[in-house]
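>>> quick check, what structure comes out for this input:
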Amino acid sequence: MQRKILQIIILLLVASVCLSGFLIARHILHLPFRPTNDALHKKNSAFTLDFLIPSGTYIDETVTIGEVIKIRFTKEKSPYEKVLRAIFDLIPHRYRFLANLFLFLFWFLCFMTFFRVFTFMGYGRSLRGSLLFGGITYYFMPDFSPGKGDDILFIGLPLLIILLHAYIHREKERRKVRGINHSRAIKTG
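Next comes the predicted model:
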């Protein structure tokens with residue numbers, strides 16, 4: 001009973017930290033950009049908002065920090081990215097997905113080799129870890145299809161495998177403990 005209460009308290013603490021972080025971030029994104037940045041400059045702060053200002057864009061007094069971030073990230077892409085996008089749009093979708101799959105498998109095999117050669121991990125643990133680290137590396141490296149769909153797939157699938165394995169392992173342990181307790185009850189009864 002105490003363990004469940006402790007788990008509930010921990011979950012409530014995590015939920016309150018996440019909710020307060022969300023509310024603070026939302027409040028910060030609704031602050032006016034220029035007065036906030038000017039105040040940071042007056043205080044000689046080590047962190048200012050200058051890096052968010054898109055080049056060639058005038059920012060008036062009413063624009064919020066969230067709007068500046070949207071302008072910054074929706075700004076026109078570089079000529080290099082335009083050329084790559086034009087080339088990648090000529091390649092059929094299934095071939096791009098196949099190329100992305102091979103790229104993911106490359107990173108997976110690199111991590112698998114590292115884990116098996118330089119650590120004492122078993123095959124199962126190194127397989128799951130390699131899938132996850134391969135997906136994370138794939139996420140940060142350039143790939144053949146723009147967008148986040150393939151990135152989410154190559155990170156989400158290993159996470160799902162890890163969570164499923166943890167759940168199955170936990171259920172086996174729980175059944176084993178129930179079986180031991182059941183056999184003790186039969187012996188003593």
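>>> and the worst-scoring helix or strand of the chain on mean pLDDT, how far from the chain's centre?
Ranked by mean pLDDT, DSSP states H and E, the weakest helix or strand in the chain is helix 79-90, scoring a mean of 75. Its chain's average C-alpha position is 26 Å from that of helix 79-90, according to Cα atoms, centre = their mean, to the nearest Å.
>>> which helices and strands does the helix or strand following that helix pack with?
Sequence-wise, the next helix or strand downstream of helix 79-90 (DSSP states H and E) is helix 93-118. Here helix 93-118 touches helix 123-140, helix 149-188, going by 3 or more Cβ pairs under 8 Å, 6 or more residues apart in numbering; DSSP states H and E. No exception for glycine: its C-beta is placed from N, CA and C like everyone else's.
>>> S16 is nearest to which of those helices?
With Cβ to Cβ as the measure, helix 149-188 is the member of the helices and strands packed on helix 93-118 nearest S16 (23.7 Å).
>>> check which residues of that closest one are buried.
Counting neighbours by 16 or more other Cβ atoms under 10 Å, one finds that the buried residues in helix 149-188 are D150, D151, L153, F154, I155, P158.
>>> so what does that helix touch, helix or strand wise?
Counting by 3+ Cβ pairs under 8 Å, 6+ apart, helix 149-188 packs on helix 93-118, helix 123-140.
>>> could you export these as TSV, including mean neighbour count?
As requested, the helices and strands packed on helix 149-188 are exported to TSV (neighbours: other Cβ atoms under 10 Å):
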stretch	mean neighbour count
helix 93-118	15
helix 123-140	17
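>>> out of those helices, nearest to Y167?
The nearest among the helices and strands packed on helix 149-188, by Cβ to Cβ, is helix 123-140 at 13.2 Å.
>>> and for that closest one, what are the contacting residues?
For helix 123-140, contacts defined as Cβ atoms under 8 Å, 6 or more residues apart in numbering pick out 100, 103-105, 107-112, 115-116, 119, 121, 151, 154-155, 157-159, 161-162, 165.
>>> go with 7 Å
For helix 123-140, the surrounding residues in contact (Cβ atoms under 7 Å, 6 or more residues apart in numbering) are 103-104, 107-108, 111-112, 115-116, 121, 151, 154-155, 158-159, 161-162, 165.
>>> quick one: the least confident helix or strand of the chain to helix 93-118, angle?
Calculated by axes from the mean of the first three to the mean of the last three Cα atoms, to 10 degrees, helix 79-90 forms an angle of 110 degrees with helix 93-118.
>>> would you put the C-alpha positions of helix 79-90 in PDB?
The C-alpha trace of helix 79-90 is given here as PDB (Å, rounded to 0.1, in the frame of the first residue of the first chain):
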ATOM      1  CA  PRO A  79      19.700  27.600 -51.800                       C
ATOM      2  CA  TYR A  80      21.500  24.300 -50.900                       C
ATOM      3  CA  GLU A  81      18.400  23.000 -49.200                       C
ATOM      4  CA  LYS A  82      16.200  24.100 -52.100                       C
ATOM      5  CA  VAL A  83      18.300  22.200 -54.600                       C
ATOM      6  CA  LEU A  84      18.300  19.100 -52.400                       C
ATOM      7  CA  ARG A  85      14.600  19.200 -51.900                       C
ATOM      8  CA  ALA A  86      14.100  19.500 -55.700                       C
ATOM      9  CA  ILE A  87      16.300  16.500 -56.300                       C
ATOM     10  CA  PHE A  88      14.700  14.400 -53.600                       C
ATOM     11  CA  ASP A  89      11.200  15.300 -54.900                       C
ATOM     12  CA  LEU A  90      12.100  13.600 -58.200                       C
END
